[in-house]
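[1] Here is a sequence with its predicted model. Questions after.
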Amino acid sequence: MDIVAARVATFHYTLTDDDGNVIDKSPQDRPLSYFHGGGNIVPGLENALEGRKAGDSLKVDVKPEEGYGLRNDSLVQAVPKQAFQGSDTIEPGMQFQAHGGAGPMLVTVVEVGETEVTIDGNHPLAGKTLHFAIEIVDVREASEEEKQVGQVAGLGE
């Protein structure tokens, strides 16, 4: 059975950066399942999986434009340290939920000064080419419930 819209595909993956360092990997006993066509994985990977079937192995390079987007320098800004009231420690690499004009977003602390904290609202993988090694384990028809919600049943519960 081929991976096409409204089917559920299950696969193992290893995601590496340009230098071959592993960024993320599916646990050996828990491959990733997703609803194809629902926009639940980065577009470049979803496009590359279209038409594949269980047993296929492939390598996919996803450019930033089809991954987590290009870096947007306007999403890096200094905010008053007092905006972090209630946090005992603020260190580079920490992530916080912020509320901006476009709604809630995850920001990463880049630098901590005496009175200001520099935060970055870009996804940590923005601007990076993603290198996936994929092994497709299973492809099945989606249930009616999965078709209605556009994702694999049981996710987010």
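    Okay, I see it. Numbering: from 1, shown residues only.
[2] Put the alpha carbons of the helix or strand bottoming out on mean pLDDT in the chain into CSV.
    Ranked by mean pLDDT, DSSP states H and E, the helix or strand of the chain with the weakest confidence is strand 95-100, at a mean of 85. What follows is strand 95-100, C-alpha atoms only, in CSV (Å, rounded to 0.1, in the frame of the first residue of the first chain):
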residue,chain,number,x,y,z
GLN,A,95,12.9,27.9,26.5
PHE,A,96,9.8,29.8,27.5
GLN,A,97,6.4,30.3,26.1
ALA,A,98,5.9,33.9,25.0
HIS,A,99,2.8,35.8,23.9
GLY,A,100,3.2,37.9,20.8
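[3] List the buried residues for that strand?
    By 16 or more other CB atoms under 10 Å, strand 95-100 has no buried positions at all. Heads up, the C-betas are built off the backbone N, CA and C, glycines and all.
[4] Each with direction, which strands does that strand pair with?
    Using DSSP bridges, the strands paired with strand 95-100 in its sheet are strand 103-112 (antiparallel).
[5] what does the partner strand rub up against?
    For strand 103-112, contacts defined as CB atoms under 8 Å, 6 or more residues apart in numbering pick out 76, 81, 90-99, 117-121, 123-124.
[6] pLDDT below threshold where in this structure?
    155-157 (pLDDT under 70).
[7] Now Leu75: phi and psi?
    Dihedral pair for Leu75: phi -90, psi 0, per degrees, to the nearest 10.
[8] Touching, it and Pro124? I think so.
    No: the criterion here is CB atoms under 8 Å, and Leu75 misses it with Pro124 at 11.9 Å.
[9] What is the longest strand of this protein by residue count?
    strand 130-141 (DSSP state E).
[10] Nearest residue to Thr16 in space, ignoring adjacent ones along the chain?
    His131 (4.6 Å; CB to CB, 6 or more residues apart in numbering).
[11] show me the contacts for that neighbour.
    Leu15, Thr16, Asp17, Asp18, Gly20, Lys59, Val60, Asp61, Val62.
[12] Report the buried members of these.
    Leu15, Thr16, Val60, Val62.
[13] which residues does Leu70 contact?
    Pro64, Ala126, Gly127.
[14] Export the buried ones among the contacts of His131 as TSV, with columns for distance to Arg71 and secondary structure.
    Converted to TSV, those look like this (distance: CB to CB, whole Å; DSSP: H, G, I helix; E, B strand; the rest coil):
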residue	distance to Arg71	secondary structure
Leu15	18	strand
Thr16	19	strand
Val60	21	strand
Val62	15	strand
